[in-house]
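Trainee: need a structure here:
(one chain, ligands or ions: 3)
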Amino acid sequence: MTRTYIGQVIERRCTRRELLQSTLLSSLLPLASRAAGIDSAALDFKGIAGSQADRIILPEGYVYDAVIRWGDSLDPKVADMDAAGIPKGSLLKPEAASYQLQQFGSNCDAIHFFQLNTGLKSTRGVLCVNNEYTNDWLMYPGRKKVFGTDPQHVKEQIQQYHSIVEMSQAAQGISVLEVEKHQSRWRYLKTSRYNRRITPSTWMDIKGPARGNAWLKTNADPTGTKVRGTFANCAGGRTPWGTYLSAEENIQDYFGNFAGFSARKGIDPMIVAAHQRWRMWSDTSPYGWDVVDKRFDVSHEPNEAFRFGWIVEVDPLNPNKAPVKRTALGRFAHEAASPVVAANGQVAVYMGDDDKFEYVYKFVSSQHFDAKHPAANADLLDQGTLYAARFDADGRGEWLPLVYDPEGPLNAATGFRNQAEVLINARAAADVLGATMMDRPEDVEPNPLTGKVYIVCTRNESRADQNVQGSYGHRKIDLGPNAANPRGKNLWGHIIELTENNNDHTATKFSWEVLLMGGDAATESVPRTCFIGSPDNLGFDASGNLWIVTDGPQPSNNNNGCFVCPTTGDQRGVVKQFMSAPIGAEVCGCVFTPDNETLFLSIQHPGEEGSLSNLASHWPDGGDAVPRSTVIAVRKEDGGVIGA
Ligand code: FEO
Ligand code: CA
Ligand code: CA
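Mentor: Ligands and ions are numbered 1, 2, ... in the order given. Modelled structure (predicted):
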């Protein structure tokens with residue numbers, strides 16, 4: 001396809017969109033949503049202006065509660081983190097890591113709420129929260145912000161303080177905690193029996209088609225059926241049977257010495273190729289876990305990295321149940337996993353692989369959801385078909401099955417000896433099938449009212465303006481625009497709306513269109529531009545409005561925030577800002593309580609650009625405090641439904 005053709009496709013859609021935005025004409029247009037009788041409820045708040053202030057800003061009449069901060073204890077026997085002592089090295093003390101194992105983890109990301117109380121109002125529940133990574137330069141005095149560029153510096157600090165690795169591991173994974181609304185304010189309960197931390201040390205099961213495969217066997221687990229821990233947990237999802245899905249994303253930043261492994265004689269070239277496709281670090285990794293923990297040294301334990309990059313299922317109400325890695329959902333840099341029950345009872349899970357030129361995926365279960373017997377769904381995610389999406393220039397598309405078949409296309413001739421290898425090396429399988437390379441697909445979420453699916457492409461500054469060959473992810477690829485990723489140097493991201501054929505989540509064909517492009521309409525020549533940058537995660541309120549949280553540059557240089565737009569009606573795709581975050585923070589989470597009176601957001605890595613000697617943010621504690629990632633609960637000061 002040529003650039004001109006893409007331009008024509010967009011032009012046509014733009015014209016229709018501009019018509020829709022005209023109040024005069026919109027009432028005359030046969031909008032599909034109106035025909036279906038669906039219209040988003042009015043968003044009755046005055047949008048805020050963007051800001052560069054080091055605080056949370058909300059519309060008039062809204063307030064927030066800081067529910068839990070990194071380091072707050074989840075166990076009455078364990079003290080809170082000594083946050084004031086961080087610049088003097090409190091986290092370098094050997095005991096810091098053992099305390100962190102019982103404290104809320106760092107860099108909170110996904111949130112899901114599991115209501116405990118009965119009744120219409122949500123007043124008590126369990127939160128599952130991902131703790132994605134650590135900002136080591138804001139934890140350990142002397143650590144420079146040299147992410148991935150100075151392995152010797154990282155190695156030297158860790159060799160001096162081995163406990164850094166234990167601390168950084170203890171801060172990651174998942175935090176499970178009970179929360180309650182007390183005198184109209186949300187707080188967490190330190191004494192709850194539901195509180196627990198799941199970390200890179202927590203044993204869990206490996207289930208699904210790759211369980212027991214040779215590539216999953218290590219010295220610690222010669223069976224390939226169980227694994228210690230989870231880390232790099234980004235966004236997530238919530239199943240219809242009440243479990244939590246946690247997405248393992250940037251696992252490559254913890255494995256090092258790939259060069260040492262690939263230089264060895266007699267190694268399996270297919271394993272080398274699979275690690276190259278994931279872009280493993282050839283030297284010490286940016287976090288340096290491989291310096292002292294040999295399971296993260298690829299030359300020592302070549303298969304350990306295959307045991308990460310999965311979706312992990314957690315039962316929030318059963319603290320004794322081991323989490324499970326669901327290999328049927330594939331292995332890639334999982335951003336999120338959004339399940340939905342199809343009309344026939346099969347369960348679809350929508351997923352994105354957040355790297356440049358990677359793919360959008362969907363899993364469809366073989367078995368049907370059993371609403372009457374929640375326990376019957378316990379292993380529903382172990383059997384089914386994983387698909388990757390191909391977006392065609394005519395506005396249609398197809399889900400391509402990642403299924404091993406001796407007759408091809410996924411067989412020995414293309415680098416796969418069985419279904420387990422297809423799932424472990426899902427990116428390479430999607431390459432073979434010709435799926436569409438996207439601009440960092442992050443969250444993928446179905447609208448619970450309309451069934452339409454929204455795909456966030458956060459940005460891709462490496463997307464070329466023209467169709468030119470280049471390399472990324474150890475592939476020779478066309479770096480240029482395609483129909484679904486139409487902008488070269490995509491600095492601001494975009495959101496795609498996907499409609500399954502017959503609105504059936506098990507369908508293998510779909511149609512799609514761009515809902516909105518990020519950026520500043522004053523300087524961007526692309527149509528449908530909304531004043532937003534780097535959209536990342538999504539949420540839906542009970543009226544089907546699309547809530548968008550951002551992680552990255554904004555067209556105005558303002559801080560990240562939370563935005564919202566209707567997906568139907570004459571305000572479709574018209575974005576208002578609801579919240580502005582403190583300096584340097586991204587916003588994630590974005591989940592409503594069932595009564596829609598509370599919106600939980602993760603304020604992740606405030607002040608990330610600063611250093612311990614020159615802090616860029618002091619949020620949430622103010623004064624000269626070190627900034628801390630925090631879960632907030634946004635609500636109306638006088639109660640009521642958010643946004644309405
Ligand atoms: Fe962890 Fe793709 O954000
Ligand atoms: Ca994200
Ligand atoms: Ca992010």
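Trainee: ok and the residue in this structure nearest ligand 3?
Mentor: Across the chain, the shortest distance to ligand 3 (Cβ to the ion) belongs to Asp551, at 3.7 Å. Using the backbone N, CA and C atoms, a C-beta is placed for each residue, glycine as well.
Trainee: those strands in the stretch 401-550 of the chain, which residues are they?
Mentor: Listed in chain order, the strands of the stretch 401-550 of the chain (DSSP state E, counting those that start in this stretch) span 438-439, 441-446, 453-457, 469-472, 475-478, 494-500, 509-518, 529-530, 535-540, 546-550.
Trainee: if we can go back for a sec, tell me who's in contact with the closest residue to the residue of the chain closest to ligand 3 other than its chain neighbours.
Mentor: Computed as Cβ to Cβ, 6 or more residues apart in numbering, the closest residue to Asp551 that is not its neighbour in sequence is Glu586, at 3.5 Å. The contact partners of Glu586, taken as Cβ atoms under 8 Å, 6 or more residues apart in numbering, are 536, 549-552, 560, 604-605.
Trainee: one more time with 7 Å, if that's ok
Mentor: Contacts here follow Cβ atoms under 7 Å, 6 or more residues apart in numbering; on that basis Glu586 touches 536, 550-551, 560, 604-605.
Trainee: quick revisit: a markdown table for the strands of the stretch 401-550 of the chain, including mean neighbour count?
Mentor: Compiled in a markdown table, the strands of the stretch 401-550 of the chain are given as follows (neighbours: other Cβ atoms under 10 Å):
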| stretch | mean neighbour count |
| --- | --- |
| strand 438-439 | 28 |
| strand 441-446 | 27 |
| strand 453-457 | 26 |
| strand 469-472 | 12 |
| strand 475-478 | 13 |
| strand 494-500 | 23 |
| strand 509-518 | 22 |
| strand 529-530 | 22 |
| strand 535-540 | 26 |
| strand 546-550 | 27 |
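Trainee: could you tell me the least trusted of these?
Mentor: By mean pLDDT, the lowest-scoring of the strands of the stretch 401-550 of the chain turns out to be strand 529-530, with a mean of 88.
Trainee: out of the strands of the stretch 401-550 of the chain, which comes closest to Asp109?
Mentor: For Asp109, the closest of these is strand 535-540, at 8.2 Å, according to Cβ to Cβ.
Trainee: please name every helix or strand in contact with the closest one.
Mentor: Packing partners of strand 535-540 (3 or more Cβ pairs under 7 Å, 6 or more residues apart in numbering; DSSP states H and E): strand 441-446, strand 453-457, strand 546-550, strand 586-592.
Trainee: is that strand up against ligand 2 anywhere?
Mentor: Yes - judged by Cβ under 5 Å from the ion, strand 535-540 comes into contact with ligand 2 at Asp536.
Trainee: thinking again about what came up before, in TSV, list the helices and strands packed on strand 535-540 along with distance to Asn195.
Mentor: Compiled in TSV, the helices and strands packed on strand 535-540 are given as follows (distance: least, Cβ to Cβ, whole Å):
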stretch	distance to Asn195
strand 441-446	27
strand 453-457	31
strand 546-550	26
strand 586-592	18
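Trainee: just give the closest residue to the residue in the stretch 401-550 of the chain that ligand 2 sits nearest to, not the sequence neighbours.
Mentor: When scored by Cβ to the ion, the stretch 401-550 of the chain has Asp536 as its residue closest to ligand 2, at 4.3 Å. With Cβ to Cβ, 6+ apart as the measure, Asp551 is the residue that lies nearest to Asp536, at 4.0 Å, once sequence neighbours are left out.
Trainee: residues near the residue found closest to Ala84 once you drop the neighbours it is linked to in the chain, how many?
Mentor: With Cβ to Cβ, 6+ apart as the measure, Ala625 is the residue that lies nearest to Ala84, at 7.2 Å, once sequence neighbours are left out. The number of residues packed near Ala625 is 16, by other Cβ atoms under 10 Å.
Trainee: how close does Val227 get to Thr284?
Mentor: Per Cβ to Cβ, to the nearest Å, Val227 is found 23 Å from Thr284.
Trainee: related to what we said a few turns ago, do I have it right that the residue of the chain closest to ligand 3 meets Ser534?
Mentor: Yes - look at Asp551 against Ser534 with Cβ atoms under 7 Å: they come within range, at 5.4 Å.
Trainee: returning to that earlier point: to Asp394, which of the strands of the stretch 401-550 of the chain lies closest?
Mentor: Of all the strands of the stretch 401-550 of the chain, it is strand 509-518 that lies closest to Asp394, at 9.0 Å by Cβ to Cβ.
Trainee: also compute the angle for that closest one relative to strand 453-457, please.
Mentor: Using axes from the mean of the first three to the mean of the last three Cα atoms, to 10 degrees, the inter-axis angle of strand 509-518 relative to strand 453-457 is 50 degrees.
Trainee: which secondary structure elements does strand 509-518 sit against?
Mentor: Strand 509-518 makes packing contacts with strand 396-401, strand 494-500, strand 529-530 when contacts are defined by 3+ Cβ pairs under 7 Å, 6+ apart.
Trainee: can you map out the strands along the stretch 101-250 of the chain?
Mentor: Assigned by DSSP E, counting those that start in this stretch, the stretch 101-250 of the chain shows strands spanning 108-115, 124-131, 173-182, 185-188, 196-198, 203-207, 226-228, 233-238, 244-248.
Trainee: how far does the second one sit from its chain's centre?
Mentor: To tie it back to what came earlier, the one meant is strand 124-131. 16 Å (Cα atoms, centre = their mean, to the nearest Å).
Trainee: only C-alpha atoms, please: export that strand in PDB.
Mentor: Taking Å, rounded to 0.1, in the frame of the first residue of the first chain, the C-alpha atoms of strand 124-131 are listed here in PDB:
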ATOM      1  CA  ARG A 124     -15.700  -2.300  51.200                       C
ATOM      2  CA  GLY A 125     -13.500  -4.400  48.900                       C
ATOM      3  CA  VAL A 126     -10.200  -5.900  48.000                       C
ATOM      4  CA  LEU A 127      -7.800  -4.100  45.700                       C
ATOM      5  CA  CYS A 128      -5.300  -6.000  43.600                       C
ATOM      6  CA  VAL A 129      -2.600  -3.600  42.500                       C
ATOM      7  CA  ASN A 130       0.400  -4.300  40.300                       C
ATOM      8  CA  ASN A 131       3.800  -3.000  41.400                       C
END
